[in-house]
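J.: Let me see the structure of the following:
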Amino acid sequence: MEREEEPLSARPALETEGLRFLHVTVGSLLATYGWYIVFSCILLYVGFQKLSTRLRALRQRQLDRAAAAVEPDVVVKRQEALAAARLKMQEELNAQVEKHKEKLKQLEEEKRRQKIEMWDSMQEGKSYKGNAKKPQEEDSPGPSTPSVIPKRKSDRKPLRGGGYNPLSGEGGGTCSWRPGRRGPSSGG
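T.: This is a model prediction of the structure:
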């Protein structure tokens, strides 16, 4: 019976020795290359995620192609819808171009009319600047024509006081220009 007990006691010693060897080997491996292993695992995980999304997209494309090949009516309908959308967009663009051309014609006609009025007023010997602006304001009562109504001088606030003269050298505040020094610079 003693012989049966000896192998039993010898077995746990071998197992503990094997476990100890495994612990030392794995521990030293992790201590030496631990961060490399962690980063490589992270890279593998990210790479796997990217590949899986690409594979899913590839499979989806293949299924779409197969479905399109099976159903040509769907392809025809899709192309007709695309052509209709393009036609609609082109019609809208053409309408915008026509509106723009109309506006340009109106502006040219207005300029021509103003020039004629200026010429007539000059022939009569009147001031043409004041007369040319008044009919423009009268002709455009609505906001349909993009014309800017000039402000009167009485509405404007003067930028400086009435006594300011830039040539006198007064009233400029702390900001005044002085000529630079002549001669070479005295640096270093």
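J.: after the strand or helix carrying residue 34 comes which helix or strand?
T.: Per DSSP states H and E, residue 34 falls inside helix 2-70. Downstream of helix 2-70, the first helix or strand assigned by DSSP H and E is helix 72-124.
J.: looking only at pLDDT, what's the mean for the helix holding residue 34?
T.: Helix 2-70 comes out with an average pLDDT of 83.
J.: Kindly report the same for stretch 87-105.
T.: Stretch 87-105 comes out at a mean pLDDT of 97.
J.: what residues go with each domain of the protein?
T.: Residue ranges for the domains of the chain, per the TED database: 16-70, 72-124.
J.: can you put those domains in TSV and add distance to residue 181 and mean neighbour count?
T.: In short, each C-beta sits where N, CA and C put it, glycine included. TSV is the format used below for the domains of the chain (distance: least, C-beta to C-beta, whole Å; neighbours: other C-beta atoms under 10 Å):
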stretch	distance to residue 181	mean neighbour count
domain 16-70	64	10
domain 72-124	55	11
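J.: can you redo these as TSV with distance to residue 180?
T.: Converted to TSV, the domains of the chain look like this (distance: least, C-beta to C-beta, whole Å):
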stretch	distance to residue 180
domain 16-70	62
domain 72-124	50
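J.: how about those, which one is nearest residue 159?
T.: Comparison of those against residue 159 by C-beta to C-beta identifies domain 72-124 as nearest, at 30.2 Å.
J.: what angle sits between the helix holding residue 34 and helix 72-124?
T.: Interaxial angle of helix 2-70 relative to helix 72-124 (axes from the mean of the first three to the mean of the last three C-alpha atoms, to 10 degrees): 60 degrees.
J.: Can you show me the CA trace of stretch 85-95 as PDB?
T.: Taking C-alpha atoms only, stretch 85-95 is exported to PDB below (Å, rounded to 0.1, in the frame of the first residue of the first chain):
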ATOM      1  CA  ALA A  85     -36.100  64.500 -61.200                       C
ATOM      2  CA  ARG A  86     -33.400  65.800 -63.600                       C
ATOM      3  CA  LEU A  87     -36.000  67.200 -65.900                       C
ATOM      4  CA  LYS A  88     -37.800  68.900 -63.100                       C
ATOM      5  CA  MET A  89     -34.600  70.500 -61.800                       C
ATOM      6  CA  GLN A  90     -33.800  71.600 -65.300                       C
ATOM      7  CA  GLU A  91     -37.200  73.300 -65.700                       C
ATOM      8  CA  GLU A  92     -36.700  75.100 -62.400                       C
ATOM      9  CA  LEU A  93     -33.300  76.300 -63.600                       C
ATOM     10  CA  ASN A  94     -34.800  77.500 -66.900                       C
ATOM     11  CA  ALA A  95     -37.500  79.400 -65.000                       C
END
